[in-house]
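[1] Model the structure of this input:
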Amino acid sequence: MAGVSEKSDTLTLAGERGWIPMTINIVPTRIVKSHWDVVEEGANRVGRKADRSLWRVAREVYVADTTAEAREDVLSGVLKRDFEDYFFHSLPLAKMMNLMKTDVSMADSDVTIEYLMDNIFIVGSPDDVADKIRNLYDEVGGFGVLLAMGHEWEPRDKWLKSMTLLKEQVMPRLADLNLTA
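    Below is the predicted model:
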């Protein structure tokens, strides 16, 4: 069951019912941290033990040979398109731009693709991506599965290379976390 908002009621329900919790891809760590807390609260309420290894955390993940190349690919590709043409239009209409903010007092106009790459997305070289995943894992107290979001990637060969780098160069560096991607 997916959680969106801080202290998500749906994730409380997931904890109560023993369902697999998932945090969506657009929220900063301040919201991600609250998600596990409510899963545990829901589980404890009914005498269950929540299992962190089942928790899925979704993220935009893009890996290239260098961080500069990865950032350029994002700025010229489908991630930029999807966020600028969809999320940056639909979330303000629903008064939900705060979901993507590390600080709720920041202006909506400060939520840009560059901001997302710096604060929410996991974009970079294999070393940088491994560091970002490890930092997220440590900041939230651990999770079991990283869900790398998919898009209609063009050019397809760059997406395939990114997924290959994630599998062959990033995930082995994170073996000690027992994390699945």
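[2] list the contacts for residue 146?
    By Cβ atoms under 8 Å, 6 or more residues apart in numbering, the contact list for residue 146 reads 56-57, 59, 61, 133, 179-181. C-beta: built from backbone N, CA, C; applies to glycine.
[3] Is it in a helix, a strand, or coil?
    Following DSSP: H, G, I helix; E, B strand; the rest coil, residue 146 is assigned to strand.
[4] Distance check, it against residue 104.
    According to Cβ to Cβ, to the nearest Å, residue 146 and residue 104 sit 26 Å apart.
[5] Pick out the residue nearest the middle of the chain.
    residue 59 (2.5 Å; Cα atoms, centre = their mean).
[6] and stretch 95-111, average pLDDT?
    In this model, stretch 95-111 has a mean pLDDT of 95.
[7] hmm, back to that, a markdown table please, covering the contacts of residue 146 and showing pLDDT and distance to residue 160.
    What follows is the contacts of residue 146, written out as a markdown table (pLDDT from 0 to 100; distance: Cβ to Cβ, whole Å):
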| residue | pLDDT | distance to residue 160 |
| --- | --- | --- |
| 56 | 97 | 23 |
| 57 | 98 | 23 |
| 59 | 97 | 19 |
| 61 | 97 | 14 |
| 133 | 98 | 20 |
| 179 | 88 | 22 |
| 180 | 84 | 20 |
| 181 | 74 | 15 |
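[8] Out of these, list just those in helices.
    residue 133 (DSSP state H).
[9] Counting by contacts, list what the longest helix anywhere in the chain packs against.
    Criterion DSSP H: the longest helix present in the chain is helix 29-45. In this structure, helix 29-45 makes packing contacts with helix 9-17, strand 22-23, helix 126-140, judged by 3 or more Cβ pairs under 8 Å, 6 or more residues apart in numbering; DSSP states H and E.
[10] just the angle between that helix and helix 9-17, please?
    30 degrees (axes from the mean of the first three to the mean of the last three Cα atoms, to 10 degrees).
[11] and the residue of the chain positioned farthest from its centre, what are its phi and psi?
    Here the chain reaches farthest from its C-alpha mean at residue 47, the gap being 29.1 Å by Cα atoms, centre = their mean. Dihedral pair for residue 47: phi 80, psi 20, per degrees, to the nearest 10.
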